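Asks: here is a sequence with its predicted model. Questions after.
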Amino acid sequence: MFAEPKLESTLRSAVMGSAQGSFFCSSSASSLLRVVPALAGLCLLISILSSCGGGLSKPGFNPTLSGMVHGGQQGVSGSTIQLYAAGTTGYGSAGTPLLTKTVTSNGAGSFAITGDYSCPSAATQVYIVATGGNPGLALGTNNSALTMMAALGPCGNLTSSTFIYIDEVTTVASVYALAPFMSTGGGKNLGATSTNAQGLANAFATVNNLVNTAQGTAPGPNLPAGATAPTAELNTLADLMSLCVNTSSLVGVCTTLFAAATPLGLSVPTNTIDALLDIVLNPGHNVSTLFTLLIGIVPFEPTLAAAPNDWTMAINYTGGGLNAPKSIAVDGSGDVWAANGGNNSISEFSSSGKAISGSAGYTGGGLNAPWGIAIDTSGNVWITDPIAIGSGALSKFSGTGSAMSGSSGYTGNGLSDPFGVAINSTGVAWTANVSTTSAFTNTGGTQSGSPYGPPGAHNYYNIAVDNSGNVWAADKENPGDVEKFTSSGAVVASYTAGPQNATWGVAIDSTAHVWLSNSGNNSVTQLNSTGTLVANHTGGGLSTPQGIAVDGLGNVWVANNAGKSVTELNNSGAAFSPTTGFLGGAMNSPFSLAIDGSGNVWVSNNASGSNSVTEIVGAAAPVVTPLALAVKNSTLGKRP
């Protein structure tokens, strides 16, 4: 007689034991369910019928859910479970508790939500939080500092087969992706404005790239093929959280961890979610100090072998025709577009990093070594082609990737090696040429009087439009001034107030301050709306700075082409990033960057053979996308 396979034997014993209601409540089920999550439905039925389960689902209520709470690899008993709908009254607003009765985890860490909740709507984003409980310590122990969570997504997607694994790994992934929408409160405060439901939904979806919420493991099931997730870093932070989760109270290791996570001048957190939120929002703070708290055997592997440069969480994406990508932009749905200088194409990725364009990208429309890219309020994509026929061209594509500008693109109108492109509030596309700026109507026609420019030698690289409709062109030639034009093309002035040098990028904040990246002297110049110098900023890892963008709280992000990094400055110019900049996500010769409505920072990697874009998850404040819509609504540098 053949020996019964070990797994089959375990399952048989478990099911037979369940006749006395012992399986779902047993400690053996805890480890078994991590291996075989498909048993969730069986365990749920037994839970309902046994003494450790709840009553039958009530008519008109939503499907029964089941899950586990784990600290490390140990079940957490007596943890209070709450299902929340994300708040809708602002960023970090209180979530709405959905459960109509108290639910706690049993002796093995299992729980069952037997239909005692109602979805506000099918599209409502929901998440689950476990608070307190005994992580396998002495009877009667309750760790009040223990808070963990898992982001679940649209409420309408929950079914009777949904199994939820709440542990440190799901907590780290959820807090990183949702940090721009959270405030302190142990997971209770997570929400957005009604005008940024898209950004919130996209952030919830990103969680599934990082973690499998049915198994409590990384990476997630929706990570696109060819993408690389920061699994070792995520596990390392989960191990760090487990130090406090698996203790008996706020004293000891929790106190040490929370103190190390707290930025100077802020209140010390009292629970693990708030401590992790401090780390996410301040990724350059006390990195080595936090890492050295990890000693001995850790519950989650693989882990980092040494302290990282910083605690940013970045994913690298490939495919979609990416080839030496240059400029990058985000559309109204959160899709990311890149101009590929290496293969005469543009690429489109979903907000979750899945390639939408094919392996060759979108081609045609006059694309020839495309450089700049911008998106108008109708979702059309505009691209500059400095090496196109003659003196260059401007290409236009629909939001579905179809060329709209003919086989040669739009030509003439003073185009001469155009680089940057920006869209104003009326849909006019402005290009930065070698010596002038050109303005095209939304049908590719010439705006009256175009091209525009002051006399003398110029070399315009990038261009931006402010909330008043003025156009600012960064001039790399002189040796680093910036020209200001009215919306009709009249030259207002040329400004050289700061120590500008090889000025490359330009961005505008909510106060109409103009931020310029100086690739020639590793600095960023800040001017006010009249061109007066506010300050010149260095530090934060600036190294041949190129692309520049402002997030929804006025923080400034810069791509460091020579540093394989990005820099973050606050709106006063103080560096948030360390002296190396923020690293990770396989950044390589970062060329340009853009921020989306979820607060993710997208970076194009222009190094030969890199052929990728990097998403720094949840690092910035959400912005209105596309930028043309922010210009139209006067919301540059503000959250949606």
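Replies: That came through fine.
Asks: residue 317 touches residue 612, doesn't it?
Replies: Yes - with contact defined as CB atoms under 8 Å, residue 317 reaches residue 612; the gap is 6.2 Å. Heads up, the C-betas are built off the backbone N, CA and C, glycines and all.
Asks: which of these two has more neighbours?
Replies: Neighbours per residue, other CB atoms under 10 Å: of residue 317 and residue 612, the larger number sits with residue 317, 28 against 25.
Asks: just give the nearest non-adjacent residue to the more buried one, would you?
Replies: Excluding the flanking residues, the one nearest residue 317 by CB to CB, 6 or more residues apart in numbering is residue 353, at 4.3 Å.
Asks: any chance you could map the strands in the stretch 301-450 of the chain?
Replies: Taking DSSP state E, counting those that start in this stretch, the strands of the stretch 301-450 of the chain run over residues 314-317, 325-330, 336-340, 345-349, 373-375, 381-385, 393-397, 421-423, 429-432, 437-440.
Asks: looking at those, which is closest to residue 589?
Replies: Counting by CB to CB, residue 589 lies closest to strand 325-330 out of these; the figure is 10.2 Å.
Asks: and that closest one, what does it pack onto?
Replies: Secondary-structure packing of strand 325-330 (3 or more CB pairs under 8 Å, 6 or more residues apart in numbering; DSSP states H and E): strand 336-340, strand 373-375, strand 590-595, strand 601-605, strand 612-616.
Asks: what about stretch 344-364, distance to the chain center?
Replies: Offset of stretch 344-364 from its chain centre (CA atoms, centre = their mean, to the nearest Å): 19 Å.
Asks: before we move on, the earlier item: so which of the strands of the stretch 301-450 of the chain is nearest residue 540?
Replies: strand 314-317 (17.0 Å).
Asks: tell me the mean pLDDT over the closest one?
Replies: Computed over strand 314-317, the mean pLDDT rounds to 98.
Asks: show me the contact partners of it.
Replies: 209-210, 223-224, 226-230, 349, 353, 355, 584-587, 605, 612-617 (CB atoms under 8 Å, 6 or more residues apart in numbering).
Asks: ChimeraX command to pick out the buried ones of those residues?
Replies: Paste this into ChimeraX to select the buried members of the contacts of strand 314-317, with burial taken from 16 or more other CB atoms under 10 Å:
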select :209,210,223,224,227,228,229,230,349,353,355,584,585,586,587,605,612,613,614,615,616,617
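Asks: in this structure residue 453 contacts residue 491, no?
Replies: Yes - if you go by CB under 8 Å, residue 453 and residue 491 touch, sitting 7.1 Å apart.
Asks: these two: who's more crowded?
Replies: Set residue 453 next to residue 491 and count neighbours by other CB under 10 Å: residue 453 wins out with 22 against 14.
Asks: just the pLDDT for the closest residue to the more buried one other than its chain neighbours.
Replies: Leaving aside its chain neighbours, residue 453 sits nearest to residue 436 (3.7 Å; criterion: CB to CB, 6+ apart). Here, the pLDDT recorded for residue 436 equals 94.
Asks: try residue 538
Replies: 96.
Asks: got it, and the one 4 residues further on?
Replies: Among the per-residue scores, residue 542 holds a pLDDT of 98.
Asks: quick one: it and residue 562 touch, right?
Replies: No - assessed by CB under 8 Å, residue 542 is found out of contact with residue 562, at 9.6 Å.
Asks: between those two, who's got more neighbours?
Replies: residue 542 (27 against 14).
Asks: which ones are touching the more buried one?
Replies: When the contact criterion is CB under 8 Å, 6+ apart, the partners of residue 542 are 522-524, 558, 560, 563, 567, 581.
Asks: okay, who's weakest in these by pLDDT?
Replies: Minimum pLDDT across the contacts of residue 542 is recorded for residue 563, with 93.
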